[in-house]
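A.B. asks: Mind looking at a prediction? Sequence and model below.
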Amino acid sequence: MAATRFVEQLNTQIGNELAAHNQYLACAIHYDALTMPQMAAFFYAQALEERAHAMMMVQYLLDTDAEVEIPAVAAPVNEFADVVAPVALALDQERRVTEQINGLLKIAREENDFASEQFMQWFIKEQVEEVATMSDLLTVVNRNIDDVEDIEEYVAREQGAEAADPTAPREAGA
């Protein structure tokens with residue numbers, strides 16, 4: 001059974017992941033409205049990935065006979081000044097999520113909840129990748145703010161479909 005403190009915070013994190021899903025959806029819609037299909041597709045995929053993270057957490061709670069409580073989430077930012085703003089917001093969000101994930105691992109360690117600590121290891125690795133991806137994308141978008149075609153080419157070239165990670169936790173409902 002997962003530690004009570006960990007379960008409470010993981011339920012909170014489910015809400016954080018679903019809020020990230022909504023935020024990435026808003027970013028995707030922004031780029032779709034600007035007729036930037038590569039950036040839109042990238043952020044639609046990111047939205048689905050955040051939802052998947054939430055569902056992995058739900059499945060873990062179900063697997064450990066812990067109660068699942070889906071929290072309310074705040075509305076996302078829907079208006080952006082330019083093509084840079086959504087990516088800058090996304091990088092900030094990924095850094096914040098990294099802190100949240102690290103906090104969950106810390107709680108698991110403090111509670112001697114070894115199964116939960118092991119569960120969180122995959123998310124630690126995932127956050128390193130997410131921050132690096134958004135950091136690189138922000139560099140490219142800043143460098144090409146006046147040439148959206150170069151941004152689109154970069155995303156098409158560098159952010160192609162990735163193979164499913166066989167080490168990823170199971171998702172509820174999958």
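C.D. replies: Perfect, I can see it now. Bear in mind the structure is a predicted one, so any value in this text is a computation, not a measurement.

A.B. asks: what's the neighbour count on Leu34?
C.D. replies: As a burial measure, Leu34 scores 14 neighbours (other Cβ atoms under 10 Å). For the C-beta atoms, the positions are set from N, CA and C on the backbone; glycine is no exception.

A.B. asks: Name the nearest residue to it, ignoring sequence neighbours.
C.D. replies: Nearest in space to Leu34, with sequence neighbours left out and distances taken as Cβ to Cβ, 6 or more residues apart in numbering, is Val83 at 6.9 Å.

A.B. asks: roughly how far apart are that neighbour and Leu91?
C.D. replies: Distance of Val83 to Leu91, given as Cβ to Cβ, to the nearest Å: 14 Å.

A.B. asks: ditto for Arg143
C.D. replies: Going from Arg143 to Leu91 by Cβ to Cβ gives 15 Å.

A.B. asks: before we move on, which element is the residue nearest in space to the middle of the chain in?
C.D. replies: Residue closest to the mean C-alpha point of the chain, counted by Cα atoms, centre = their mean, is Glu50 at 4.1 Å. Element membership for Glu50 (DSSP states H and E) is helix 37-63.

A.B. asks: What residues sit buried inside the helix or strand just after that helix?
C.D. replies: The first helix or strand that comes after helix 37-63 along the chain, using DSSP H and E, is helix 85-110. For helix 85-110, a neighbour-count test (16 or more other Cβ atoms under 10 Å) marks 86-91, 93-94, 97-98, 100-101, 104-105, 107-108 as buried.

A.B. asks: in the chain, what spans have low per-residue confidence?
C.D. replies: Applying pLDDT under 70 to the chain flags residues 160-161.

A.B. asks: what's stretch 71-79 in contact with?
C.D. replies: Stretch 71-79 is contacted from outside by 11-12, 14-15, 18-19, 22-23, 25-26, 29-30, 89, using Cβ atoms under 8 Å, 6 or more residues apart in numbering.

A.B. asks: next one: that stretch to chain centre, how far?
C.D. replies: Relative to the centre of its chain, stretch 71-79 is centred 14 Å away, using Cα atoms, centre = their mean, to the nearest Å.

A.B. asks: Next: stretch 103-112.
C.D. replies: 21 Å.

A.B. asks: Please, which helix or strand holds Asn112?
C.D. replies: Asn112 belongs to no helix or strand when assigned by DSSP H and E.

A.B. asks: Repeat that for Gln118.
C.D. replies: Under the criterion of DSSP H and E, Gln118 resides in helix 114-143.

A.B. asks: Remind me what that helix packs against, helices and strands.
C.D. replies: For helix 114-143, the packing partners by 3 or more Cβ pairs under 8 Å, 6 or more residues apart in numbering; DSSP states H and E come out as helix 37-63, helix 85-110, helix 148-158.
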